[in-house]
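Engineer: got a predicted structure here, sequence first:
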Amino acid sequence: MTSQPIFRFAPSPNGWLHLGHAYSALYTDRAAKAMGGTMLLRIEDIDTARRKPEFVAGIFEDLQWLGLSWPQPVWFQSQRFPAYGEAAEKLRKRGLLYPCFCSRSEISARANGTDPEGAPFYPGTCRHLTKEQVGQRLAAGERAQWRLRMDEALVAGPMKIHVFAAGMNEKQQHEWQIAANPARWGDVVLVRKDTPTSYHLSVVVDDAAQGVTHVTRGMDLEAATDIHVLLQELLGLPSPFYAHHDLILDEERQKLSKSKGSQSLRDLRAAGWTAGEVRRRLGFE
Ligand code: GLU
């Protein structure tokens, strides 16, 4: 590789960071350093109802406490809505997006199995609405989310995910490819009702815009990579290398989560933990 590798840590400010985030950030930093690269920090705050300024401040404070640093400026996804809008428009112009008016309960009632995250698999109800029907519903003030026409998107051909060995240096590095299977997601939502984008769309647009060459993140996002490589193909964006790490689990072998009240890094700090102890406990010293 001729140019410097660029990695990123991309938390969402919807709660306080916990040990799972610390692991992901330290893993990304170690992988970037091993390859002589840089780790960017990106604040993924598209969820305007859940994001809070104190959680953004908490991210900076916790990561600095752990001894991490990153170049400025830090990108905030909430300032990037026009770029996501442009990407959605590109897909819309090619007839690859369609508006969907279904509520969650309507989808659950008619779902046909589940997607890789266990959510009801969209049965395609709104896929066949005519232009007139769509126009009437929009004119009546109904709000739509926009879904990808997966079967048409797949004509892009079989797709590969480039995978790399995180933590190895340039000489030890080996890279390989695995097959992506975006079809198992069905017609995913790319533009939500409550915010003018989605995780999948914004992450792909920003990884490309920031020149990210290596993506490291938890196994819980591994299946999402199938959609990401498909979107990169459809939008003509470069595809980075990916590595998905193990998750830190609690006593019940469940992944840590803000909503379940897993202990945050600031709780641990208040309870007297040092950053060195956190790093050691996670295997970074
Ligand atoms: N913002 C996502 C999260 O906090 C991570 C996105 C990614 O690394 O692709 O789970």
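Structural biologist: All right, it came through fine.
Engineer: can you get me a residue count around the residue in the stretch 151-285 of the chain positioned nearest to the ligand?
Structural biologist: The minimum distance from the stretch 151-285 of the chain to the ligand, using Cβ to the nearest ligand atom, falls at Arg217 (3.7 Å). Heads up, the C-betas are built off the backbone N, CA and C, glycines and all. Number of residues near Arg217 (other Cβ atoms under 10 Å) recorded here: 20.
Engineer: which strand residues bridge it?
Structural biologist: Taking DSSP bridges as the rule, Arg217 bridges to His244.
Engineer: got the contact list for the closest residue to Trp65 other than its chain neighbours?
Structural biologist: Closest residue in space to Trp65, ignoring its immediate chain neighbours: Ala275 at 5.2 Å, by Cβ to Cβ, 6 or more residues apart in numbering. Listed by Cβ atoms under 8 Å, 6 or more residues apart in numbering, the contact partners of Ala275 are 65-67.
Engineer: tell me how far His174 lies from Ala243.
Structural biologist: According to Cβ to Cβ, to the nearest Å, His174 and Ala243 sit 12 Å apart.
Engineer: need the overlap of contacts for these two.
Structural biologist: Counting by Cβ under 8 Å, 6+ apart, the residues touching both His174 and Ala243 are 164-165.
Engineer: about what we covered before: in terms of contact, does the residue of the stretch 151-285 of the chain closest to the ligand touch Pro240 like I think?
Structural biologist: No: with contacts counted by Cβ atoms under 8 Å, Arg217 stays clear of Pro240, the gap being 11.2 Å.
Engineer: up against the ligand, what does the stretch 151-285 of the chain have?
Structural biologist: 203, 217, 221 (Cβ under 6 Å from any ligand atom).
Engineer: burial count for Arg184?
Structural biologist: Residues lying near Arg184 (other Cβ under 10 Å) number 15.
Engineer: if you skip the residues just before and after it, what's nearest to it?
Structural biologist: Spatially, and ignoring its direct neighbours in sequence, Arg184 is nearest to Pro116 (5.8 Å; Cβ to Cβ, 6+ apart).
Engineer: pLDDT wise, what is the residue nearest to Trp65 at?
Structural biologist: The model reports Ala275 with a pLDDT of 97.
Engineer: equivalent analysis for Asp206, please.
Structural biologist: Note on Asp206: pLDDT of 98.
Engineer: again with Ser3
Structural biologist: On pLDDT, Ser3 comes in at 80.
Engineer: quick one: secondary structure of it?
Structural biologist: Reduced to three states with DSSP: H, G, I helix; E, B strand; the rest coil, the structure at Ser3 is coil.
Engineer: wait, what's in contact with it?
Structural biologist: By Cβ under 8 Å, 6+ apart, the residues touching Ser3 are Thr213.
Engineer: from the ligand, how far out is it?
Structural biologist: Ser3 sits 21 Å away from the ligand, going by Cβ to the nearest ligand atom, to the nearest Å.
Engineer: next one: Gln64
Structural biologist: Separation of Gln64 from the ligand (Cβ to the nearest ligand atom): 18 Å.
Engineer: then Glu86?
Structural biologist: Glu86 is 20 Å from the ligand, by Cβ to the nearest ligand atom.
Engineer: in what helix or strand does that residue lie?
Structural biologist: For Glu86, the enclosing helix or strand under DSSP states H and E is helix 81-93.
Engineer: got the contacts of Ala275 as CSV, with neighbour count columns?
Structural biologist: What follows is those, written out as CSV (neighbours: other Cβ atoms under 10 Å):
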residue, neighbour count
Trp65, 15
Leu66, 20
Gly67, 13
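Engineer: out of the residues you listed, flag the one nearest to Asn181.
Structural biologist: Leu66 (35.2 Å; Cβ to Cβ).
Engineer: residues contacting that closest one?
Structural biologist: Taking Cβ under 8 Å, 6+ apart as the contact definition, Leu66 lies against 22, 25-26, 265, 275, 278-279.
Engineer: output those in JSON lines, with distance to Ile248 appended to each entry.
Structural biologist: Listed next are the contacts of Leu66 as JSON lines, based on distance: Cβ to Cβ, whole Å:
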{"residue": "Ala22", "distance to Ile248": "8"}
{"residue": "Ala25", "distance to Ile248": "12"}
{"residue": "Leu26", "distance to Ile248": "11"}
{"residue": "Leu265", "distance to Ile248": "12"}
{"residue": "Ala275", "distance to Ile248": "16"}
{"residue": "Val278", "distance to Ile248": "11"}
{"residue": "Arg279", "distance to Ile248": "13"}
